[in-house]
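Student: my questions concern the predicted model and sequence given below.
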Amino acid sequence: MSTKKAFAAAGAVVLGLYPATTLAHTNSIGYVGDGSGGVTFWYGSWHSGTTFNEAEIKLEGSNGTSYGPTITQFTELESSTPSGLVPGTNYFTSDGTQLVPYDPTGATNGGTTQESYTWQGVNFTGLAAGDYTFTYIPLGDAESYCTTCTPTADWMPMDEIIRTSTITITAAALSGDADGDGINDVTGQPVTTVTGSSTSNQEASSTETGTRTTLTTASRTVVDTDADGNRRVRQYTDTVQITIPTSLVITASTPVTIDTYSDGSIVMTIGDTVISSTSTDTGEGSIQVVSSALDWTAITTMDVVESIAVSGAPVVTRTPTYKASENGGEQKINVRTKKEKTTPTVKTITTTPVITTTYADDSVTVATGDPVVTYEDGFSYDVSYSERNYFGRVDQHEVLDKFGTAINNTLNHFPSKSDQPVRVISKNYLGWGEDSNGYTSKSRIIGGGLEIDIKPTWTIGGQYNNINIDLDGSDSTSSLRKNHYGFFSMLRGNDLSLGTNVGFAQNQYAVDRNVEKVFENSSTTNGKEWWVNNRLYWHLNKWITPLIGYTVGGYQRDGFTESGSIQSARKVGEVSKTTHSGEAGLILSARFGGKKHNLFGVGMSGILGTNRTGELAATVDVAQTLYIEGIHQVSDGAKNNMVSAKVKFKF
């Protein structure tokens with residue numbers, strides 16, 4: 001296969017991964033009255049050939065018009081301009097800042113050229129003449145009937161003006177004669193005279209609050225303590241101002257006349273508004289002291305004699321509090337213990353009150369009360385604190401993913417050229433590794449697949465592998481179980497070859513961890529990942545093959561909540577991301593054992609990735625049937641070693 005054909009085939013694979021993009025938008029808005037209080041709103045799109053309705057429209061009254069809000073899905077679809085739309089009267093487009101008359105040529109609307117080819121509509125009933133605000137609600141919006149649906153571009157508004165604006169619907173537009181020429185814009189029939197009318201008053205009211213004030217006098221007693229902590233009683237004569245809240249109700253009454261025409265249309269006429277108001281008190285009011293005169297002050301001092309005796313054995317309690325935090329994949333549990341010592345006591349109190357009263361004329365009287373003896377049961381209290389921190393790692397899922405990423409590179413399969421068109425392959429690996437944070441791993445891959453030559457220069461195939469990764473250390477025992485499904489292709493040319501791998505894996509995580517064997521937690525969760533890897537090989541000569549590659553993939557792990565010790569239990573959210581990485585490497589290979597048969601083969605390869613991964617591999621094979629392989633991998637600081645004995649059966 002030639003180099004040119006190899007690149008063409010690679011382009012076909014890449015283009016197949018991405019859907020075609022559709023570019024179209026809603027670019028016009030119009031409304032047509034039916035003469036009975038109903039109005040059909042039309043949205044026009046510059047995309048021709050659209051055969052479906054999408055999304056909703058919300059309509060609500062504005063600037064004093066009472067209506068809605070009402071949200072309704074689009075139900076009507078037209079491929080030609082709906083009847084009754086009159087540009088500049090009830091049919092508009094947008095110039096980016098305001099609605100302007102619809103004119104595809106731009107001759108009458110300041111040069112704005114936006115032509116519509118498909119229209120979707122929805123009918124609203126019970127409207128009167130007035131101002132209304134319309135708002136387009138796309139699929140996926142919080143108000144949409146389908147919040148999880150993805151909108152298309154066919155009906156996406158071209159700008160914010162087309163999406164939502166305020167319009168005035170006149171009585172003429174409601175009657176179906178938007179341009180006022182006496183002819184119904186939809187039917188083409190004359191709009192005839194009034195056959196009946198009725199008048200009613202529409203009332204609206206608003207309330208404004210205010211106050212009024214009045215003055216009076218009142219006695220006031222203040223009980224507090226003086227600067228020495230003694231009880232103090234003071235009596236004042238106050239001049240107070242009472243502020244009384246008032247309510248002013250303003251009522252507006254507007255006559256509304258509804259005329260019914262002989263053709264069934266209805267026109268509403270709004271008359272002049274009459275305003276009246278009524279004021280009432282709405283409460284007892286609030287009091288504010290304007291001035292005060294002090295009448296007398298009485299200060300009570302106490303002659304107190306106390307004695308305390310221990311009445312029982314002390315009680316000691318210890319109360320721990322826990323605070324968990326995380327940093328750099330490590331969890332810290334801070335335990336702060338409060339020690340309280342309580343000793344019961346009995347107190348004997350002898351109290352003699354002495355009351356000294358000073359009057360406004362500076363005269364003074366002193367009175368002594370009877371002594372009072374009381375007994376109080378109490379306690380003496382002492383508190384102290386101690387702290388300790390416990391540490392344990394919580395990055396088991398991330399470390400498992402490091403080893404999983406390295407092993408994913410091993411799962412990619414690049415078939416070699418063979419004389420037999422069908423081959424059955426086996427994949428059997430044993431691995432061991434370590435991470436810089438004290439983890440050690442053991443891994444196993446058991447699987448196999450099928451290689452099929454479509455033509456001498458093109459091989460395709462598929463494979464399934466079961467992967468187990470066990471992770472120990474750092475106070476934890478964890479595992480990752482992966483079910484891998486892969487498809488591969490190899491296009492060979494004289495100078496260049498293209499290898500493609502598509503992989504999908506279902507992941508199961510199980511983690512048992514502890515924090516210094518004091519706190520223990522467990523969790524299980526699931527995840528999945530996919531990747532597409534393309535490698536381009538340059539056959540420099542029969543021994544040396546440089547390569548470059550690119551991988552795009554997606555990774556998702558479900559959220560989980562740990563069971564076990566509540567002090568250290570974690571709630572972890574879902575993880576989802578898309579990854580892109582490049583790679584470059586070199587393959588050295590040779591075959592020997594006779595010019596014809598080349599019975600034995602040896603190979604070495606080294607590959608570095610932009611995602612902080614690297615791999616060194618050495619392979620020995622016998623007749624491309626029995627393969628012995630050793631691999632050393634690095635993935636973001638995690639090191640993994642694997643050995644394999646694989647068999648390929650040829651048919």
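Tutor: Done, it's in. Numbering: from 1, shown residues only.
Student: let's see the pLDDT reported for the closest residue to Gly121 other than its chain neighbours.
Tutor: Leaving out its chain neighbours, the residue that sits closest to Gly121 by C-beta to C-beta, 6 or more residues apart in numbering is Glu76, at 3.8 Å. To be clear about C-beta, it is placed using only N, CA and C from the backbone, and glycine gets the same treatment. Note on Glu76: pLDDT of 95.
Student: what of Ile266?
Tutor: Looking at Ile266, the pLDDT reads 67.
Student: so where is the stretch 151-300 of the chain shaky, pLDDT-wise?
Tutor: Within the stretch 151-300 of the chain, the ranges that satisfy pLDDT under 70 run 191-199, 257, 259-269, 271-272.
Student: any stretches of the chain with poor pLDDT?
Tutor: Short version for the chain, where the test is pLDDT under 70: 1-24, 191-199, 257, 259-269, 271-272, 594-597.
Student: can you do 50?
Tutor: Within the chain, the ranges that satisfy pLDDT under 50 run 1-24, 193.
Student: what ranges do the strands span in the stretch 151-300 of the chain?
Tutor: 164-169, 194-225, 231-261, 266-270, 274-281, 286-310 (DSSP state E, counting those that start in this stretch).
Student: buried set for the longest one?
Tutor: When burial is assessed from 16 or more other C-beta atoms under 10 Å, strand 194-225 yields no buried residues.
Student: what about stretch 583-594, distance to the chain center?
Tutor: The chain centre lies 50 Å from the centre of stretch 583-594; the measure is C-alpha atoms, centre = their mean, to the nearest Å.
Student: buried residues, that stretch. List them.
Tutor: Buried, per 16+ other C-beta under 10 Å, within stretch 583-594: Glu583, Gly585, Ile587, Ser589, Arg591.
Student: ditto for stretch 345-354
Tutor: Buried, per 16+ other C-beta under 10 Å, within stretch 345-354: Pro353.
Student: one more: stretch 121-133?
Tutor: Across stretch 121-133, burial judged by 16+ other C-beta under 10 Å covers Gly121, Val122, Phe124, Leu127, Ala128, Ala129, Gly130, Tyr132, Thr133.
Student: okay but the second one is in contact with Ile71, surely?
Tutor: To tie it back to what came earlier, the one meant is Val122. No: the criterion here is C-beta atoms under 8 Å, and Val122 misses it with Ile71 at 10.0 Å.
Student: overlap of the contact sets of the two?
Tutor: Glu56, Ile57 (C-beta atoms under 8 Å, 6 or more residues apart in numbering).
Student: what strands line up against the helix or strand where Gln120 lies, and which way round?
Tutor: Here Gln120, judged by DSSP states H and E, is contained in strand 118-124. Strand 118-124 has the following sheet partners, assigned by DSSP bridges: strand 39-45 (antiparallel), strand 76-78 (antiparallel).
Student: tell me how far the residue lying closest to Gly96 once chain neighbours are set aside lies from Thr93.
Tutor: In this structure, Gly96 finds its nearest non-sequential neighbour in Asp159, 5.9 Å apart by C-beta to C-beta, 6+ apart. For Asp159, the distance to Thr93 equals 10 Å [C-beta to C-beta, to the nearest Å].
Student: I'm done for today, thanks for sticking with me.
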